[in-house]
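Q: next comes the sequence, and after it the predicted model I'd like to discuss.
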Amino acid sequence: MDVIRKQEGATLTISVVGRLDTNTAPELEAEMKLDDAGEVVFDLAGLEYISSAGLRVLMGAQKIMAARGGKMKVVNSNAMVRGVFDITGLSDIFSVE
Amino acid sequence: MRRRVIFTATPALYVVLLGVAWSIGTRQAEKDTNAQLDYAVMDFRDTVQGAIDTMIGYAAKRVVTYLGEAKAKSLEEMADLARHLDIDEVNVVSREGDIIASNDPHCLGVCMAGDPVMDPFMELTNGVTPTVSQPFRPHARNPKVRAKYLAVAFPGGAGFVQVGLNETRLAKMLPTILGYIFDEWLLGRTGFFLCADAETDALVSNPSRHRDEAKTLSETGFDARAASRYEVTDNSNKGRTFRQRLFGEMCYCRYFTFAGHRFIPALPEREYYDTRDMIVTSMAVLLAIVLGGFAVSLSRISRDSARLKAFYAAEEASRAKEMDIAKTIQASSLPCDFPVSERFELFASMTPARDVGGDFYDFFPLDSGRFVFLVADVSGKGISAALYMMTAKTLIKDILLSEHDLSAALMRVNDDLSRNNPANMFLTAWVGVIDFGTGRVEFVNAGHNPPIVRRADGTAVWMSEKSGPLLAFVEGAKYRSSSFDLAPGDTLFLYTDGVTEAMDAKGDLFGETRLMEAFSVAPSGEPPTLCRLVRTLVTAFAAGTPPTDDLTVLAVKYLSRPRRFVRTFTTTQAGIAAASKFLDKIAAKENNAGLNATIPTLHVILDEVASNIVRHSDASGFAVEMEVTHDGVTIDFIDDGAPYNPLLHVDPDTSLGADKRPVGGLGILMVKKMATSVAYRRDHSRNILRVSKNWNG
């Protein structure tokens, strides 16, 4: 899995490429570094699949952002990843686009 | 004068042809036998080495998981471990290469780094290499014993565990490892693989063709003393073939010993000379008919015309009778022992027209995973076409068995046929090779009619691809192979122009449209059903007209049997990662569109279930048993931990807002929703979670 961070103004875009599961989730957690971004966008265009370990990291990010009044959204997920968000009822919480 | 020359030259030419066919047949049979035996010995070594590596590699991994890190343990505890894991030696080695724990007091304190034999194991301390394995070799302290060592690294290369296995212990396990593999070992069409305990002489294998005929190796007729002179002792097993009578049949054999067992791959000689003998005998009989005809004609040619006419009438009658005999001979040269297999079904038939003709079909195994089938049509009819057909059939089979690249093989066939072609004959052929594993058919079409594929759902399509040139027409012509995939349940149908060019009383042709219509009324795709249906329709269509051409049909149906993949993993993060790799490997091996599309989902399911086992269970390891069929997959996750049914968890409420959402429980919910079915059972003190996923709806 690869994590690519891109900061533009107050918006931090994190692209996740590859597979997000118990093996790689700790890596994303370590690389995420939300700092003081006002908005964080997870670009999942290159994400093959996501398991609950990955969901847990995204839920963590969502909590951090909510606590400081920031925004978070998830974009470009493939059908499989989108299905996982729907099954777990996270589509709305994560503002999946 | 010219006629006299032709009368002498033609028989002479036939005799030469006969000699050439005999010598090509003999040489090729011997080459084939050697190649088959080489392959059998090599294949055996790979299979057994792989099985031993898996077995003792598993033992070493168990120790790595059990200890967690390289640390000293008492001699007694190490001896207990070795006994428990059924191995001879177990050593714990520090990052520096020192043996810090062992079941053998002589090993304690020995340093591996710099040791000529043991130094290669030090590679494990680089933090990258997971396993190092060495082949059997004489033991360092007791060279009479041969032993094999394998080691598995601790995480990060912080030392490793090395396990050793002696051949004497292996000898005891060998019957279990080999299990039934020898009983169904594919060696030619009638060959078999014998294996026996060297001490007790008891047979470990029980070849299916000679089931229960012998309990010991001597009862098979094997002469160990004679064979020992040919024993293969090193890796170069080439050229050590010898002949012995086994189960009453003269066989070509190899002989080698390993771990207290004797091994004999054997190929009955009859199988290899059968083809040659049949071709040459058939050619000789045809030749006798031709020579007889010439002799009679020559002696009577000067008699008066009235007698000549009477003679011709009689001659015609006897020629017709001889032609019948020739026809029978030709038909009997085509194989009719249709293979019985779980991976495919095959059926074919050839109905000759008035005279002996030039149609033929053939089929034979190429290796243990692939099967060749072909249909061909030689130009012209009569004795010369039949003789040429025999030569072409032998040549195609011989070259395909020795040249595994299909395009190259066809180019060689074409060159050989073009060079030895005194009568300027030619032929069309469609040659296919089916891979049972994938259903892929690789083929070369040399100017032949396009085949039809009847799909499992009953629809039928033409497989029209650009065809290559006719065979035996131009030396040096190029052929390029193409391929297409058969799905389980699909049937491929081949035929000759005796089908499409059959003529009715009005002079209309049967044609491709009527052939395709036959498929729409076919009740099933079974090869015998399709072949008989087409033959019946063509015969009915051409009723009342004399059959003008041979009629040949051949059908192959691809079947699919479930494939099972089993592997055990440690209950660690590394174990989950290894299980994920295992899944990717199966997908690559299966190469199945349905499975490939489902792989991301299966990865998620595997990640959830495996991490659940690692988190909640005290199991020492977990096993993944996967069964793949043509429309779905079933995965059993098995662990030996305390009883635990993950399905009893209450599903988390997925409608709660972000702040109230629980972190756990999502994984099992996802598995339930993504799988087609999930079931838990407790069996023999093991937890078994069975997850199924279908990809066809």
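A: Sure, I can see it.
Q: need the contact list for the residue in the stretch 1-150 of chain B that chain A sits nearest to.
A: Distances between the stretch 1-150 of chain B and chain A by Cβ to the nearest Cβ are smallest at B:P130, namely 15.2 Å. (Glycine included, C-beta is placed from N, CA and C.) The contact partners of B:P130, taken as Cβ atoms under 8 Å, 6 or more residues apart in numbering or on different chains, are B:L124, B:V152, B:A153.
Q: next: B:V378.
A: B:G357, B:G358, B:D359, B:F360, B:A385, B:Y388, B:M389, B:A392, B:M425, B:F426, B:L427.
Q: what residues does chain A put near chain B?
A: Taking Cβ under 8 Å from any Cβ of the partner chain as the contact definition, chain A meets chain B at A:19, A:21-23, A:48-53, A:55-56, A:59, A:62-63, A:66, A:80, A:83-84, A:87-90, A:93.
Q: measure how buried B:S379 is and give me the count.
A: Look at B:S379: counted by other Cβ atoms under 10 Å in any protein chain shown, it has 16 neighbours.
Q: pLDDT score assigned to it?
A: Looking at B:S379, its pLDDT stands at 82.
Q: quick one: it from chain A, how far?
A: As judged by Cβ to the nearest Cβ, to the nearest Å, B:S379 and chain A stand 56 Å apart.
Q: thought that residue was touching B:A429?
A: No. Using Cβ atoms under 8 Å, B:S379 is not in contact with B:A429; the gap is 11.9 Å.
Q: need phi/psi at B:F569.
A: phi -130, psi 160 (degrees, to the nearest 10).
Q: list the contacts for the closest residue to chain B within chain A?
A: Scanning chain A for the residue nearest chain B gives A:G89, at 3.0 Å (criterion: Cβ to the nearest Cβ). The neighbourhood of A:G89, defined by Cβ under 8 Å, 6+ apart, consists of B:T654, B:S655, B:L656.
Q: also B:A642?
A: So B:A642 contacts B:S617, B:D618 (Cβ under 8 Å, 6+ apart).
Q: in a strand, it, correct?
A: No. Counting by DSSP: H, G, I helix; E, B strand; the rest coil, one finds B:A642 to be coil, located in no strand.
Q: how close does it sit to B:A619?
A: Distance of B:A642 to B:A619, computed by Cβ to Cβ, to the nearest Å: 8 Å.
Q: what's the answer for B:M411, then?
A: For B:M411 relative to B:A619 (Cβ to Cβ), the value is 58 Å.
Q: so who does whichever residue of chain B sits closest to chain A touch?
A: Using Cβ to the nearest Cβ, the closest approach of chain B to chain A is made by B:T654 at 3.0 Å. Contact analysis of B:T654 by Cβ under 8 Å, 6+ apart lists A:I87, A:T88, A:G89, A:L90, B:L669.
Q: and the top helix by length along chain A, how far out from the chain's middle?
A: Assignment by DSSP state H gives helix A:52-67 as the longest helix of chain A. How far helix A:52-67 lies from its chain's middle: 8 Å, per Cα atoms, centre = their mean, to the nearest Å.
Q: perfect, I'm done here.
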